[in-house]
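Novice: From the sequence below, what's the structure:
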Amino acid sequence: MHKFNPLRDASRAMVLCLSTLLFGAAAHAQALPDAIAKSRTIKVAVNAIYPPMEYKDPDSGELVGFDIDLGNAIAKQLGVKIDWQESAFEQLLPSLETGRVDMVLSGVSDVPGRRGAADFIDYLNSGAQFYVLASAQGKDIRQPADLCGKPVGTSRSTSFPADTAAWSVKNCTGKAPISVVGTEDTSSARMQLKQGRIVAGVQGSETLPYAMKLEPNTYRPIGEPFATSPEGIAFAKANTQLRDAVHGALEKLMADGTYGKIVAKWGLQSSAVRQLTMNGTPTN
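Specialist: As a prediction, the model looks like this:
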């Protein structure tokens, strides 16, 4: 039996700790595609016009938001860094197919029509939400059915125009349908609402509270979110290795409380997921 030697045992503990760290780093490297393991960088496409998910800080010009914090936390877990590649929304998924980026993290709804081009790890709940002005201009709209026959604006690059039209077909029976007005983005829809060019807007249920916080007493939600769908991190169909590595990192961030802290920072508790899904299906 060896006698207790504080210096010797402390040294062994340090060696064991270092070995564990190195093994963990090696494990992460093995889980990643070779090119990323070598460069230690993941190229991520983002359309930074969707607060609080991703946007430019007006003072610093830096990318900020829930997706930015989550992406950086995933990168830290994997032992790599993120190279954020700004893109127009309609180019986000095509950039995966061309190999310009490795993944997309930009508040993209995981809807069946997009699953032919990409795989999605679903990390947040979302839904299309009707809203009007809180002023007298919007007082005659008390429920979604009051929107039948009226112009409703929403970002044309999202799934919301189709969601709104489908809702109209189902709920405006015997009435004039909603006139869906496609806008450049969600902020453009809010501007047109203030100008009186539309009577209501549709925006993601996870982002409308942020707009209401920025402009107190300006907007009022109508009814509950409709056409609910998860938001997903998108990967090229062939890039299953990166997809699975990110999935594992996200599970660890959920288990250690990091995900919950980022959710709370951006006030998205009502949209948080309890379990990850992939293409709308539970992963375990």
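Novice: Now do the helices in the stretch 101-250 of the chain.
Specialist: Here the stretch 101-250 of the chain has its helices, by DSSP state H, counting those that start in this stretch, at 160-171, 186-195, 208-214, 240-255.
Novice: how's the chain carved up into domains?
Specialist: 6-125+232-282, 127-228 (automatic domain parsing).
Novice: need the least confident one among those domains, by mean pLDDT.
Specialist: Among the domains of the chain, domain 6-125+232-282 carries the lowest mean pLDDT, at a mean of 88.
Novice: so how far is it from its chain's centroid?
Specialist: 11 Å (Cα atoms, centre = their mean, to the nearest Å).
Novice: Would you mind saying which of the helices of the stretch 101-250 of the chain lies nearest F226?
Specialist: helix 160-171 (5.4 Å; Cβ to Cβ). Bear in mind the C-beta positions are built from the backbone N, C-alpha and C, glycine included.
Novice: who are the neighbours of that closest one, in terms of helices and strands?
Specialist: On a contact count with 3 or more Cβ pairs under 8 Å, 6 or more residues apart in numbering; DSSP states H and E, helix 160-171 meets strand 118-133, strand 151-155, strand 179-183, strand 200-204, strand 219-236.
Novice: Would you mind finding the most buried of the ones you listed?
Specialist: Ranked by mean neighbour count, the helices and strands packed on helix 160-171 are led by strand 200-204 with a mean of 28 (mean count of other Cβ atoms under 10 Å).
Novice: could you check the angle strand 118-133 makes with that one?
Specialist: Per axes from the mean of the first three to the mean of the last three Cα atoms, to 10 degrees, the angle that strand 200-204 makes with strand 118-133 is 150 degrees.
Novice: partners of strand 200-204, with directions?
Specialist: Take DSSP bridges as the rule and strand 200-204 pairs in its sheet with strand 118-133 (antiparallel), strand 151-155 (parallel).
Novice: Can you tell me what sits against it?
Specialist: Contacts to strand 200-204, defined as Cβ atoms under 8 Å, 6 or more residues apart in numbering, come from residues 50, 107, 126-132, 138, 141, 147, 150, 152-155, 158, 160, 163-164, 186, 189-190, 192-193, 211, 222.
Novice: any idea how far that strand is from the chain center?
Specialist: Counting by Cα atoms, centre = their mean, strand 200-204 comes out at 17 Å from the chain centroid.
Novice: again with stretch 168-180
Specialist: Chain-centre distance of stretch 168-180: 30 Å, with Cα atoms, centre = their mean.
Novice: Against L253, how distant is N72?
Specialist: Separation of N72 from L253 (Cβ to Cβ, to the nearest Å) stands at 11 Å.
Novice: how far away is S87 from V101?
Specialist: Taking Cβ to Cβ, one finds S87 at 8 Å from V101.
Novice: With C172 instead?
Specialist: 40 Å.
Novice: more crowded one of those two?
Specialist: Of the pair C172 and V101, V101 is the one with more neighbours under other Cβ atoms under 10 Å, namely 25 against 16.
Novice: Any figure for the gap between the more buried one and I233?
Specialist: 12 Å.
Novice: who touches the residue nearest the centre of the chain in this structure?
Specialist: Residue closest to the mean C-alpha point of the chain, counted by Cα atoms, centre = their mean, is G107 at 2.9 Å. Contacts for G107 (Cβ under 8 Å, 6+ apart) come out as 47, 50, 53-54, 67, 126, 204, 206-207, 231.
Novice: Please list only the buried members of the residues you listed.
Specialist: Buried by 16 or more other Cβ atoms under 10 Å: 47, 50, 53-54, 67, 126, 204, 206-207, 231, out of the contacts of G107.
Novice: could those be laid out in TSV, adding distance to Q275?
Specialist: Output for the buried ones among the contacts of G107, formatted as TSV (distance: Cβ to Cβ, whole Å):
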residue	distance to Q275
N47	27
Y50	24
M53	21
E54	24
D67	19
S126	16
G204	21
E206	17
T207	22
E231	15
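Novice: so which of the residues you listed comes closest to D34?
Specialist: Comparing the buried ones among the contacts of G107 against D34 with Cβ to Cβ places D67 closest, at 26.2 Å.
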